[in-house]
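Novice: Kindly return the folded structure for what I paste below:
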Amino acid sequence: MLVEALSAAAGAGGMAVVQAAGTDVWTVVRDRIARLFGRGGTDPDPVVDMTVELLERDGAALAEAEQAGSGTELTQSVSEAWTRRLVGLLESADEDEQRRIAEVLSEAARVAQQGAGLMTDGGSGAVAGDRGFAAAGDVKITATQSGVAAGVINGAVNPTNPPGAAGRPADS
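Specialist: I've put the predicted structure just below:
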């Protein structure tokens, strides 16, 4: 990727950190950015855990400064620090990985803007975390014939066949 594109993606990620701090979308943005620094293959990943700790520290400081009305200088400093970290991450990645990281950063920035109430392009305001479900309008989910219907299922689902269902005798 071009240097300008890398810088723009990293800048979007740095701004996402400061925009999301103290909002309902903080954990979504924090976790997406932290996972970018992971090395994969280990769970838990100590690099991701360390990055979460850094983000939590910065997020708490930003939220505190915001409440005190003195966050401008800190906001700039935190944004620049995360932009530098993200530039380093992007520079160390191959071109395919750079594209993937840039996409994640762009999505994190969009989520952060929604969470901070900064969306002015007709965004719905509906935000869901990983493995989540969000809708800004009506949603109708139905199941028939002993099926299972859900917006999100996190875990095993083991439906049982009711008496008289195909292949199962009814109780006498």
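
Novice: how long is stretch 12-30 end to end?
Specialist: One end of stretch 12-30 sits 13 Å from the other (Cα to Cα, to the nearest Å).

Novice: Quick one: residues in contact with it.
Specialist: Residues from elsewhere that reach stretch 12-30 (Cβ atoms under 8 Å, 6 or more residues apart in numbering): 33, 52, 55-56, 58-59, 62-63, 66, 75, 78-84, 86, 105-106, 108-109, 111-116, 118, 127-130. From N, CA and C alone the C-beta is placed, and that goes for glycine too.

Novice: Over to stretch 32-41?
Specialist: 13, 16-17, 45, 47-48, 51-52, 55, 82, 85-86, 89, 101, 104-105, 107-108, 111, 130.

Novice: Give the rounded mean pLDDT of whichever strand or helix holds residue 65.
Specialist: Using DSSP states H and E, residue 65 sits within helix 46-68. Mean pLDDT, helix 46-68: 90.

Novice: Which parts of the chain are helices?
Specialist: Assigned by DSSP state H, the helices in the chain fall at 3-20, 26-36, 46-68, 72-91, 95-115.

Novice: So which of these is nearest residue 148?
Specialist: Nearest to residue 148, of all these, is helix 26-36, at 26.0 Å by Cβ to Cβ.

Novice: and that closest one, which residues are buried?
Specialist: Of all the residues in helix 26-36, those buried under the rule 16 or more other Cβ atoms under 10 Å are 26-36.

Novice: Same check on stretch 63-82?
Specialist: Across stretch 63-82, burial judged by 16+ other Cβ under 10 Å covers 65-66, 71, 74-75, 78-79, 82.
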